[in-house]
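A.B. asks: sequence and predicted structure are below.
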Amino acid sequence: MSLLEDRYRFVLRLLLPASYRAGREEEMVAAFLDGAGELSDRDNPRPRASEVASVAALAVRVRLGSTPALPRYHVLGRAMRLAAVLGLAFHATLGGVWFAGFLNAYGLRDRLGVDVPGALGAAAYGDPGSAARLLDVAQGFTGLLGAAAFAALILGRAGTAKVLAVLSLVALYAGTARTPGLTAGEAAMIVLSHTLVPALPVLALLAGFHRDAPAPRRPAWLAVLPLAAAVPLYTLLSLLNGRAAVAGAVERWAWTWPWMDETGLACLALLAATAYALTRSRPASVLPPALVLLIVPVALARAVALTGPSAGVDAVALTWAVQLCGLLACGAALLVRAIRALPPREPVAVPGEETAAGR
Amino acid sequence: MTEPAFLVLTALADLPRHGYGIVAEVDRLSGGGVRLKVGTLYGVLDRLAGDGLVELDREEAWQGRLRRYYRLTDAGARALEAEAARLAANVAGARERLRLRHQGGTA
């Protein structure tokens, strides 16, 4: 075996699953070596970066497969895509809540004559007409980017959804960076939380909806569901916020705080989804592995919060711990369900091999 | 249909070819414009085979290396024909617009 062949096989072993290599490795090596020409080991030849990149791209498509040729990876691919859809739906809803807060800060409440005590929505920044105000308004509208990304995905525009989802993540970071009064530790904690919770659906979207993946086939009305859900959620959060803000009620309502932030709401949604998945989903459903993928960053975010500076109220830390335990228990139960439902490992079938062998 | 998929189907239109044979034919067909990497080629072949547009023709051992030859299926020929007609219509449309543009420029 030449040095170049040895190195190319190493790349294939490193990146491609064994079941795929069992069917494809020999002919891939042959095709590569045919194209490489006569190279001596003394030249210390290596596969070009572009060749390695093409194998890496193939590995992503195979591992997050869109065809049933490799059943295990087919399940993983479907789970990854479902995690992207569910995660984006959640963040689109939260984006709608933030946008409602933005409208509230800019006086929509007064214009509509609706008064919700304790309504969420920070005050507008900067003087009217100033650059700070312009930036604040622009930041407010970025709350809709997540909803736009979700809508694009549901309508079958995965490429557009990817661009919008990445922009919404960037906007989140920008919003954190310009929040006044944060210490470096608090800012780092928020950035980490933003990294863990909303970034996973975006990564799942980028990886899962590759060129070979089927476009999602969902009813069009689902595209606006997150924004519709944001209205009652905003009202509920505002009411809870108002109740907790009443003088003397802060300690009594402190246990609700950990359920009202991004991670807490994600936790609540995941606990409800787990209950549904464990009691009602079909054995072949990809919902359990999709929920496992979504639980990981939320549990990590809560673990980070528990190891960080104390919130000063015992009820908050206690609720964080309960959430973390609940997430871990749900994750373990779902993982067992997902592993049991995994199809057996099988080598990839070479297309038409049976018919060719039969002739 | 992507350009690599179109060119792979075109490369298999006249006779079955093995992996590197397809790479070399696509290179020739595209005038050197598309040089398929091996990982890309097998991604395309997987996709085309999954859609029933290509299938395995035969296997050969050459200098101790495995060569699998792939051929176009009837469905693949129809898909290639439809895509070629679509591209030809686009080309005809572009040529017509350019002809009108040149006429307008010289009028």
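C.D. replies: That came through, no problem. Numbering: from 1, shown residues only, chains lettered A, B, ... in the order given.
A.B. asks: shouldn't A:A165 be in contact with A:G146?
C.D. replies: Yes - contact criterion C-beta atoms under 8 Å: A:A165 and A:G146 qualify, at 7.2 Å. (Glycine included, C-beta is placed from N, CA and C.)
A.B. asks: how about the residues of chain B by chain A?
C.D. replies: Residues of chain B found near chain A (C-beta under 8 Å from any C-beta of the partner chain) are B:2, B:18-20, B:23-24, B:37-43, B:45-47, B:49-50, B:54-59, B:62, B:65-68, B:70.
A.B. asks: thinking again about what came up before, need the residues touching each of A:A165 and A:G146.
C.D. replies: Common contact partners of A:A165 and A:G146 (C-beta atoms under 8 Å, 6 or more residues apart in numbering or on different chains): A:L88.
A.B. asks: quick one, strands of chain B?
C.D. replies: For chain B, applying DSSP state E gives strands covering B:17-18, B:54-62, B:65-72.
A.B. asks: average pLDDT for the first one?
C.D. replies: Strand B:17-18 comes out with an average pLDDT of 94.
A.B. asks: in its sheet, what does that strand sit against?
C.D. replies: When pairing is defined by DSSP bridges, strand B:17-18 lines up against strand B:65-72 (antiparallel).
A.B. asks: tell me which residues of the strand it pairs with are tucked away?
C.D. replies: Using 16 or more other C-beta atoms under 10 Å in any protein chain shown as the test for burial, strand B:65-72 gives B:65-72.
A.B. asks: what would those look like in JSON lines with pLDDT?
C.D. replies: As requested, the buried residues of strand B:65-72 are exported to JSON lines (pLDDT from 0 to 100):
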{"residue": "B:R65", "pLDDT": "84"}
{"residue": "B:L66", "pLDDT": "86"}
{"residue": "B:R67", "pLDDT": "88"}
{"residue": "B:R68", "pLDDT": "91"}
{"residue": "B:Y69", "pLDDT": "94"}
{"residue": "B:Y70", "pLDDT": "94"}
{"residue": "B:R71", "pLDDT": "94"}
{"residue": "B:L72", "pLDDT": "94"}
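A.B. asks: which stretches of chain B aren't confidently modelled?
C.D. replies: B:105-107 (pLDDT under 70).
A.B. asks: tell me the helices and strands packed up against the helix ranked longest in it.
C.D. replies: Across chain B, the longest stretch assigned as helix under DSSP state H is helix B:74-106. Helix B:74-106 is packed against helix B:3-11, with contacts defined by 3 or more C-beta pairs under 8 Å, 6 or more residues apart in numbering or on different chains; DSSP states H and E.
A.B. asks: chain B contacts on the stretch 51-200 of chain A?
C.D. replies: Looking at chain B, the residues of the stretch 51-200 of chain A close enough under C-beta under 8 Å from any C-beta are A:51, A:53-59, A:61-62, A:67, A:69.
A.B. asks: residue ranges of the helices in the stretch 51-200 of chain A, please?
C.D. replies: Per DSSP state H, counting those that start in this stretch, the stretch 51-200 of chain A carries helices over the ranges A:71-105, A:108-112, A:131-141, A:145-154, A:158-177, A:184-196, A:199-208.
A.B. asks: need the winner for burial among those.
C.D. replies: helix A:145-154 (a mean of 26; mean count of other C-beta atoms under 10 Å in any protein chain shown).
A.B. asks: identify the residues contacting that one?
C.D. replies: A:84-85, A:88-89, A:91-92, A:94-96, A:158, A:160-162, A:164-165, A:167-168, A:171, A:198, A:205, A:209, A:216, A:218, A:220, A:222-224, A:226-227.
A.B. asks: got the CA coordinates for it in PDB?
C.D. replies: Output in PDB follows, covering the C-alpha atoms of helix A:145-154 (Å, rounded to 0.1, in the frame of the first residue of the first chain):
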ATOM      1  CA  LEU A 145     -35.700  37.200  12.400                       C
ATOM      2  CA  GLY A 146     -36.300  33.900  14.200                       C
ATOM      3  CA  ALA A 147     -39.900  33.900  13.200                       C
ATOM      4  CA  ALA A 148     -38.900  34.700   9.600                       C
ATOM      5  CA  ALA A 149     -36.400  31.800   9.700                       C
ATOM      6  CA  PHE A 150     -39.000  29.400  11.000                       C
ATOM      7  CA  ALA A 151     -41.500  30.500   8.400                       C
ATOM      8  CA  ALA A 152     -39.000  30.100   5.600                       C
ATOM      9  CA  LEU A 153     -38.200  26.600   6.800                       C
ATOM     10  CA  ILE A 154     -41.800  25.600   7.000                       C
END
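A.B. asks: wait, doesn't A:R81 sit right on A:A207?
C.D. replies: No - the pair A:R81 / A:A207 is not scored as a contact, 9.3 Å apart, by C-beta under 8 Å.
A.B. asks: what sits against A:L206?
C.D. replies: Shown in contact with A:L206 (C-beta under 8 Å, 6+ apart): A:162, A:165-166.
A.B. asks: among the residues of the stretch 51-200 of chain A next to chain B, the buried ones, what's the ChimeraX command?
C.D. replies: Applying 16+ other C-beta under 10 Å to these leaves a buried subset, and the ChimeraX line that selects it is:
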select /A:51,54,55,57,58,59,61,62,67,69
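A.B. asks: okay then, goodbye and thanks.
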